[in-house]
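Q: A predicted structure for the sequence below; I have some questions about it.
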Amino acid sequence: MVATGASAYSYKYFTVQFPAARPSVAHVEINRPEKLNAFIQPMWLEMRQVFDQLSSDSSVRAVVITGAGDRAFTAGLDVKQAPLELFNEKAGSDAARKAFTIRREILEFQDCLTAIERCEKPVIAAMHGYSYGFAIDLSAAADIRICTRDVRFSVKEVDIGMAADIGVLSRLPKIVGNFGWVKEVALSARIFGAEEALRVGFVNSIHDSKEAVVGAALDIASLVAQKSPVAVQGTKELLNWSRDHPIAEGLRYTAVWNSAAIQTGDVSTALTAGIEKRTPTFEKL
């Protein structure tokens, strides 16, 4: 028998819960609070497994990701371990061979992060406290971002002597639509807060406490989970595709996608429920 629900998700650095009052919503928590949820290599590898599993779990329709503890969503990469992981000596002293090794590891790291964007289910990032470096990469790969009033953001990589290489420089400009602002925060690594993040469009809303921001994220996820999963997953796919392609290509892809998806029985279910003034229910996908 295949395990379902929380029993199917057993991970060292992430907890996955399914709140009883939030049907079809998964709550993923980064679970290394004693280190401000800073990431080491096993964590990002595990994160890919979590989101790949959620993507194919038919009982899940929306996902919330948060950080354990009161101090941080995630403080980014654990800099004490990252150099050992990324700049190992297994390729010997040959520069080209080292470069090939590092390139493979960067691409794998990128793929672990892209698992959030690739996840078929909408992902909502609820951030609080320290949200540095990898926190921006991670949340930029999510679909919706909200935060606490005391959050502290920073695109931190230049402070450790490198250009960010796992997604933020590609995704953040498309989220906020302001290359000047992105260049400023990425080149300076300066800290910015919730109000600035809201002003530029990085986050959707600000909340007074961690409890409030998690509750708000679960509310959004619950609302999404009530909709047709065919419609929701199709909408995420089409929005992400259209973001990365010209309008004409986006329109063509939408037509091809909906030529199949619009044949779903969810359309008649939704229309009938609307006429009858009741909340529709939809089958798993």
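A: Yep, it's here.
Q: where along the stretch 51-200 of the chain do the strands fall?
A: Secondary structure of the stretch 51-200 of the chain by DSSP state E, counting those that start in this stretch: the strands cover 62-67, 72-74, 123-127, 130-132, 144-148, 152-154.
Q: Just name the shakiest helix or strand of this structure by mean pLDDT.
A: For the chain, scoring each helix and strand by mean pLDDT, DSSP states H and E identifies helix 82-86 as the least confident one, at a mean of 56.
Q: quick revisit: nearest to residue 222 among the strands of the stretch 51-200 of the chain would be which one?
A: With CB to CB, the closest approach to residue 222 among the strands of the stretch 51-200 of the chain belongs to strand 62-67: 7.5 Å. Backbone N, C-alpha and C define where each C-beta goes, glycine included.
Q: Just checking: what are the partner strands of that closest one?
A: Looking at strand 62-67 with DSSP bridges, its partner strands are strand 25-30 (parallel), strand 123-127 (parallel).
Q: Can you lay out these as CSV showing distance to residue 105?
A: Converted to CSV, the strands paired with strand 62-67 look like this (distance: least, CB to CB, whole Å):
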stretch, distance to residue 105
strand 25-30, 21
strand 123-127, 24
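Q: Give me the domain ranges for the chain.
A: By the assignment in the TED database, the chain contains the domains 6-226, 229-276.
Q: start to end distance for the longest one?
A: Just to be clear, that refers to domain 6-226. With CA to CA, to the nearest Å as the measure, the ends of domain 6-226 fall 20 Å from one another.
Q: And the pLDDT at the closest residue to residue 13 other than its chain neighbours?
A: Beyond its immediate neighbours in the sequence, the residue positioned closest to residue 13 (CB to CB, 6 or more residues apart in numbering) is residue 43, lying 4.5 Å away. Per-residue pLDDT puts residue 43 at 96.
Q: now do residue 98
A: According to the predicted model, the pLDDT of residue 98 comes to 86.
Q: what's the distance between it and residue 75?
A: 28 Å (CB to CB, to the nearest Å).
Q: Compare these two and say which is more crowded by neighbours.
A: The neighbour count for residue 98 versus residue 75, taken as other CB atoms under 10 Å, is higher for residue 75 (25 against 16).
Q: Show the average pLDDT along the helix or strand hosting residue 252.
A: Remark: residue 252 resides in helix 247-261, with elements defined by DSSP states H and E. pLDDT averaged over helix 247-261 equals 98, rounded to a whole number.
Q: That one packs against which elements?
A: Helix 247-261 is packed against helix 229-243, with contacts defined by 3 or more CB pairs under 8 Å, 6 or more residues apart in numbering; DSSP states H and E.
Q: for the helix it packs on, what is the average pLDDT?
A: 98.
Q: Now do the buried residues in that helix.
A: Judged by neighbour count (16 or more other CB atoms under 10 Å), helix 229-243 contains these buried residues: 229, 230, 231, 232, 233, 234, 235, 236, 238.
Q: can you pull out the helices in the stretch 1-150 of the chain?
A: In the stretch 1-150 of the chain, the helices defined using DSSP state H, counting those that start in this stretch lie at 41-56, 82-86, 95-118, 134-141.
Q: most neighbours per residue, which of those?
A: With neighbours defined by mean count of other CB atoms under 10 Å, none of the helices of the stretch 1-150 of the chain is more surrounded on average than helix 134-141, at a mean of 28.
Q: Report all helices and strands that that helix contacts.
A: For helix 134-141, the contact count by 3+ CB pairs under 8 Å, 6+ apart identifies strand 72-74, helix 95-118, strand 123-127, strand 152-154, helix 168-176 as packing neighbours.
Q: Nothing else from me, thank you.
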